[in-house]
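Undergrad: mind folding the following:
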Amino acid sequence: MWSHTRKCGSHALHAESDPKLAKLNRDNVSGAATYHNYNRKRCDDRCIDMIIKDELPFGHVEKEGFQAFCKELEPQWPGVNRNDWKLHKRIINFCTITSHKGEEIGRVLELCLQQWEITEVFTITVDNASANDLAVAYMMRRLRGYKTLIFGGQFLHLSANANVPLDVITRWNSTYLMLEAALKYETVFGRMAEEDSQFQAYFEETNKNGKSRVGAPSNGDWRNAQAFCLFLKKFYEATVKLSAWKKIIANILFVEMITLQTEIDKAMNAEDEVLKRVATSMKTKFNKY
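TA: You can find the predicted model right below:
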């Protein structure tokens, strides 16, 4: 019965408001009052628009203050919850790209969408190749022509420029990239440690030996990260130079190797015990290679 009640068009949950009760709309303040009829789907759609446009978390609709506010505005609206958001992932096609020109890539994408009769696209995810920028620009023009461009194309092409990559323990340059990116989010990690229950619970978990994880980063950890970034930056720059196989010659290799050796020796004599211990370990591997 509960399932039927939620779908029954004649139930009070879906009933229209009394048309005799005129409500003053904002767009006709200077004129006569007009009738405003309750419509659940319209309320749901407006809530979804708010979540997307204002970039709010899905759980925002479950907060006590928001629910109380909505009940005051429209008591008949039951509201929504985060379980109402249904995210879907579907691979509909694999396409062969015969040309790496931007507009050719865009045409292949457009043809794929046409075959599936898809005319509304929210976001296109590509890598940072310049040809992909042209492909997205082509799709934006086509979608604008279809009059289905969502939010004016504001979210059609998004680039994440500051992701936090994972560390590869055998590559010093990856450690630098991880720390260099994480330092940009020092304030964010601090807020998460104070307010995010899931983030806090992660550090309370234990492994099969009953040992818990190291806690969230402390101020001392961030200062160590800054020191390591300055130290490891030399290794990252050397990796970039030595990876350019078309330009590398013996004298460049020699200069870079001597520079790295000098940096490691300096770190081995640093006051920071952690940095000193890591540098000593690195020197052993450096001498081996």
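Undergrad: buried set for the helix or strand where E104 lies?
TA: Of the helices and strands defined by DSSP states H and E, E104 is found in helix 102-115. Residues of helix 102-115 classed as buried: G102, E104, I105, G106, R107, V108, L109, E110, L113 (neighbour count, 16 or more other Cβ atoms under 10 Å). (Glycine included, C-beta is placed from N, CA and C.)
Undergrad: and I97, what element?
TA: Applying DSSP H and E, one finds I97 in no helix or strand.
Undergrad: just to revisit the earlier point, quick one: which of the buried residues of helix 102-115 is nearest R82?
TA: L113 (29.4 Å; Cβ to Cβ).
Undergrad: about what we covered before: next, format the buried residues of helix 102-115 as CSV and append pLDDT and distance to M268.
TA: Below are these laid out as CSV (pLDDT from 0 to 100; distance: Cβ to Cβ, whole Å):
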residue, pLDDT, distance to M268
G102, 89, 50
E104, 92, 55
I105, 92, 51
G106, 92, 54
R107, 92, 58
V108, 93, 55
L109, 92, 54
E110, 92, 59
L113, 91, 59
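Undergrad: distance check, E256 against W77.
TA: To W77, E256 is 66 Å away according to Cβ to Cβ, to the nearest Å.
Undergrad: ok, now which ones touch W77?
TA: Y38, R40, C43, C70, K71 (Cβ atoms under 8 Å, 6 or more residues apart in numbering).
Undergrad: of these, which pair is most distant in space?
TA: R40 and K71 (14.1 Å).
Undergrad: tell me which element A182 falls in.
TA: Assigned by DSSP H and E, A182 falls in helix 172-182.
Undergrad: and the angle for the next helix or strand after that helix with helix 172-182?
TA: Next in sequence after helix 172-182, counting helices and strands by DSSP H and E, comes helix 186-195. Put simply, helix 186-195 runs at 70 degrees to helix 172-182, going by axes from the mean of the first three to the mean of the last three Cα atoms, to 10 degrees.
Undergrad: packing partners for helix 186-195?
TA: Here helix 186-195 touches helix 197-202, going by 3 or more Cβ pairs under 8 Å, 6 or more residues apart in numbering; DSSP states H and E.
Undergrad: wouldn't M282 be in contact with F228 here?
TA: No: applying Cβ atoms under 8 Å, one finds M282 not in contact with F228, separated by 11.2 Å.
Undergrad: longest helix in this structure, by residue count?
TA: For the chain, the longest helix by residue count, based on DSSP state H, is helix 219-242.
Undergrad: that one: which residues count as buried?
TA: For helix 219-242, by 16+ other Cβ under 10 Å, it's 222, 224-225, 227-229, 231-232, 234-236, 238-239.
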